[in-house]
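Participant: here's a sequence, model it:
(chains A and B)
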Amino acid sequence: MMKDKYTLDSLPLEHSAVISSIECKDCLINRIYDMGILKDTVITPLYRSPFGDPTAYLVKNAVIALRNKDSKYITVTPIK
Amino acid sequence: MFARNSSVIEKSEKTAVKTDFRVALAGNPNVGKSTIFNTLTGLNQHTGNWTGKTVECSSGTAKIKDKTFLFTDLPGTYSMIDFSEEETVTREFLANEQSDCVVIVTDANVIERNLSFALQVLSLQINAVLCLNLCDEAEKNGIIIDIDELSLNLGIPVICTCATRKGGINELKDTIYDICTGKRKCFRVERNYTNIDVLNTENHKQNTEILADKSKEICKQTVSCRNKTMNKRSRKADKILTSKTIGIPLMLLLFGLLFWITAVGANYPSEWLSVFFDFIKGELNNLFELLSVPKFFTGVLIDGVYTTLTWVVSVMLPPMAIFFPLFSIIEDSGYLPRIAFNLDKFFAKCGAHGKQSLTMAMGIGCNACGVTGCRIIESPQERLIAILTNNFMPCNGRFPTLIAIIMMFFAGSAFGIASSIEVAAILLGIIVLCVLFTLLISKILSLTIAKGEPSGFALELPPYRKPQILKTIVRSMLDRTLFVLGRAVIVAAPAGAVIWLTANIYIGNTSILSNCTDFLDPFGQLIGLDGVIVMAFILGFPANETVVPIIIMSYMASGTLVDYTSYEQLLELFSANGWTVITAVCTMIMCVMHFPCSTTCLTIKKETGSLKWTLVSVLLPTVMGIILCFVTANIMRIFI
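Facilitator: Residues are numbered from 1 along each chain as shown, chains lettered A, B, ... in the order given. Predicted coordinates for the structure are as follows:
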């Protein structure tokens, strides 16, 4: 059973979700915006690094790796 | 493989007699700008399948029909607001100068995000052409783009290209020509840029959101996708290559294999070259005798210049000409960002950035390039850490020294399969140690002099691409050969002359050389080396390649004349001068951990803009090396 809201780092692999809010620190926020990670964007966690962190996400056809300490500030709503 | 852009710029300046038009290439990172640039200009800018390969502008001229065009390849950037050094270059270029035409290179697979950037460029520049690169890949992924509709939406021509196979390049050239000459007009689609001022940092979030919505809207009208999942094979490969259980072992295996091929492959050409050079040396000696050239000149030219030069060529060239083409193939495949991905957790723990592993990989080629490459790291303190520790990766000039010492002392007399695997394993061990040491020092630095908040980590993992194996090997081999030969002539030859002179000019009863080495000897012995080795490292400051030839010459000058056409003979010479396993180990430690070469020091000064950090980068590895050598030597002496 999927919850309604997840932080991006806790979203199970291969589950697509829509980004509902981004509260990252300033330094990273502009960068991830530019990489296409924005509100209402569909994002899918694909795989984790051998040591569990970072995680690779599929966003707009590109694969982008984010550290969990950053992705926990991104809230997502899973697509049913 | 490693961007040496300055040489490209020089080249273009020499050839640029008169240019009619200026054309800039801009785009997101890793969309193939440099490949397009190369096909347009016929230059050989290095390319690689990872973000941040190009960190400096480079230009080149080319003729299209009757006009001359100056092309500038800008570093890839995600937006007009700059976060890292290399992005500043691009922003300033596009914000301050109107080009006759901007080629906006985009990855057709990631069109939506790329369009966002294209719109930013278009808000600043009017004359442009959109180059949809990697069209063949997009087609395989089932992406269909309505070119005409896209062109109407942006107000500029849109060309499909596939740069590696030169598809669409002629059309692109024609379009650039037509735009520059005014034959084809670009028009500004005002509605795309309402409420946007891309250079205003304050409004960045708002700008990006508006632009993202715009590009989404445009994509809705122009792009359709048949396949549900893209780059399936890449994804599958990643599941294996980054897997918990075998991700790291596979990485080690890959590098082990790389070293093994290098060690085995380099052994024979090295020996052939040595025998050949030795034969020539004999002939030259005869010739000089025949012409009754004074002994002094024979000494300087043959024993000094020729010997050093040929050593550098025969020992340095084969491993480099094998290692780097193979490494380039790995680079082109897109595996390097996965290394950064796999190892990021360690780097994070040490207060460093995962991208540091990319700059370390570049450091294996040349530390100066590695230091410049650190521009891809956004946060200043993490970048500083990466710059200061880059020297711990053994470069081009030191790598073969390691191979030579391992071959002599650890490979055994018969070089068979077993001993070649041993050599590869030892090399791999040394590299792993270098990485661990880099991490340790990074940690210490992040806790002491380079304190600061860890920055965010967002790294794009491009799909794996089939490298152009033959082309890469030929290009890289040629490049490396020219590079090593060039260095040999410029640095090794004069170094040879100087050493020979110091060894043969006497003050009283001893030569200048032995005066120096005698002076350094007590210190050398203390840390498991000897005076000659210490001096060789000091004299190797302009180029690390010369360290071993200097050692050889110093030994030969002190009376031991040995013919050295193979590692066995070299071992004999070294052993006769008191080398033991301890000396070998300590020399390898010193080789990895001592001050950076002169070029790297200058680059560090340039990149950090501070004499203080340059001094730190000199002292840090040197002090570490001395301490480590001292400890190792004394521990080993207890047991041996």
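Participant: what's the pLDDT at A:Leu28?
Facilitator: Reported pLDDT at A:Leu28 in the predicted model: 66.
Participant: go on, B:Ile9?
Facilitator: Reported pLDDT at B:Ile9 in the predicted model: 38.
Participant: now do B:Gly52
Facilitator: On the pLDDT scale, B:Gly52 gets 68.
Participant: what residues are up against B:Ala458?
Facilitator: When the contact criterion is Cβ atoms under 8 Å, 6 or more residues apart in numbering or on different chains, the partners of B:Ala458 are A:Leu28, A:Arg31, A:Ile32, A:Met35, A:Ile37, A:Ile64, A:Ala65, A:Leu66, A:Asp70. Glycine gets a C-beta too; all of them are placed from N, C-alpha and C.
Participant: repeat the analysis, applying 10 Å as the threshold.
Facilitator: The neighbours of B:Ala458, taking Cβ atoms under 10 Å, 6 or more residues apart in numbering or on different chains as the test, are A:24, A:28, A:31-32, A:34-35, A:37, A:54, A:57, A:64-67, A:70-71, B:51, B:78, B:354-355, B:378.
Participant: gap between the lengthiest helix in chain B and the chain center?
Facilitator: Among the segments of chain B that qualify as a helix by DSSP state H, the longest is helix B:247-290. Using Cα atoms, centre = their mean, to the nearest Å, the mean C-alpha position of helix B:247-290 is found 22 Å from that of the whole chain.
Participant: beyond that helix, next helix or strand please.
Facilitator: Next helix or strand after helix B:247-290 toward the C-terminus (DSSP states H and E): helix B:295-298.
Participant: which residues touch the next helix or strand after that next one?
Facilitator: Using DSSP H and E, the helix or strand that follows helix B:295-298 in sequence is helix B:307-311. Contacts of helix B:307-311 with the rest of the structure, by Cβ under 10 Å, 6+ apart, involve B:273-274, B:276-278, B:280-281, B:301, B:404, B:485, B:488-489, B:491-500, B:545-546, B:548-550, B:552-553, B:556, B:564, B:570.
Participant: any idea how far the residue in chain B positioned nearest to chain A lies from A:Arg67?
Facilitator: Nearest residue of chain B to chain A (Cβ to the nearest Cβ) works out as B:Gly456 at 2.7 Å. From B:Gly456 across to A:Arg67, the span is 7 Å (Cβ to Cβ, to the nearest Å).
Participant: do B:Arg235 as well
Facilitator: Taking Cβ to Cβ, one finds B:Arg235 at 21 Å from A:Arg67.
Participant: who's more crowded, those two?
Facilitator: Remark: of B:Arg235 and A:Arg67, A:Arg67 carries more neighbours, 23 against 17, as counted by other Cβ atoms under 10 Å in any protein chain shown.
Participant: what sits against that one?
Facilitator: In this structure, A:Arg67 makes contact with A:9, A:28, A:49, A:53-55, B:344-345, B:348, B:354, B:454-459, judged by Cβ under 10 Å, 6+ apart.
Participant: just the buried ones from these, in ChimeraX syntax?
Facilitator: To isolate the buried members of these in ChimeraX, using 16 or more other Cβ atoms under 10 Å in any protein chain shown:
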select /A:9,28,49,53,54,55 /B:344,345,348,354,454,455,456,457,458,459
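Participant: up against chain A, what does the stretch 401-550 of chain B have?
Facilitator: Neighbours of chain A within the stretch 401-550 of chain B, by Cβ under 10 Å from any Cβ of the partner chain: B:Glu453, B:Pro454, B:Ser455, B:Gly456, B:Phe457, B:Ala458, B:Leu459, B:Glu460, B:Leu461, B:Pro462, B:Pro463.
Participant: what's the per-residue pLDDT of the last one here?
Facilitator: The pLDDT attached to B:Pro463 in the predicted structure is 91.
Participant: which SS class is it?
Facilitator: Following DSSP: H, G, I helix; E, B strand; the rest coil, B:Pro463 is assigned to coil.
Participant: need the helices for the stretch 301-450 of chain B, in chain order.
Facilitator: B:307-311, B:317-333, B:336-349, B:356-365, B:367-373, B:380-389, B:399-410, B:417-447 (DSSP state H, counting those that start in this stretch).
Participant: tell me which of those is the most buried.
Facilitator: Ranked by mean neighbour count under mean count of other Cβ atoms under 10 Å in any protein chain shown, the helices of the stretch 301-450 of chain B are led by helix B:367-373, which reaches a mean of 28.
Participant: can you give me the domain assignment for chain B?
Facilitator: In terms of domains, chain B is parsed into B:5-230, B:247-453+B:460-639 (source: automatic domain parsing).
Participant: relative orientation of the helix or strand containing B:Leu570 and helix B:399-410 in degrees?
Facilitator: In this assignment (DSSP H and E), B:Leu570 forms part of helix B:567-576. Orientation check (axes from the mean of the first three to the mean of the last three Cα atoms, to 10 degrees): helix B:567-576 against helix B:399-410 gives 80 degrees.
Participant: show me what helix B:567-576 packs onto, helices and strands only.
Facilitator: helix B:247-290, helix B:399-410, helix B:547-557, helix B:581-592 (3 or more Cβ pairs under 10 Å, 6 or more residues apart in numbering or on different chains; DSSP states H and E).
Participant: where in chain A is pLDDT low?
Facilitator: Along chain A, segments meeting pLDDT under 70 span A:1, A:25-29.
Participant: mind listing the strands for it?
Facilitator: A:6-7, A:17-22, A:42-48, A:55-59, A:62-66, A:74-78 (DSSP state E).
Participant: of all those strands, which lies closest to B:Gly578?
Facilitator: Nearest to B:Gly578 among the strands of chain A is strand A:62-66; the distance by Cβ to Cβ comes to 51.1 Å.
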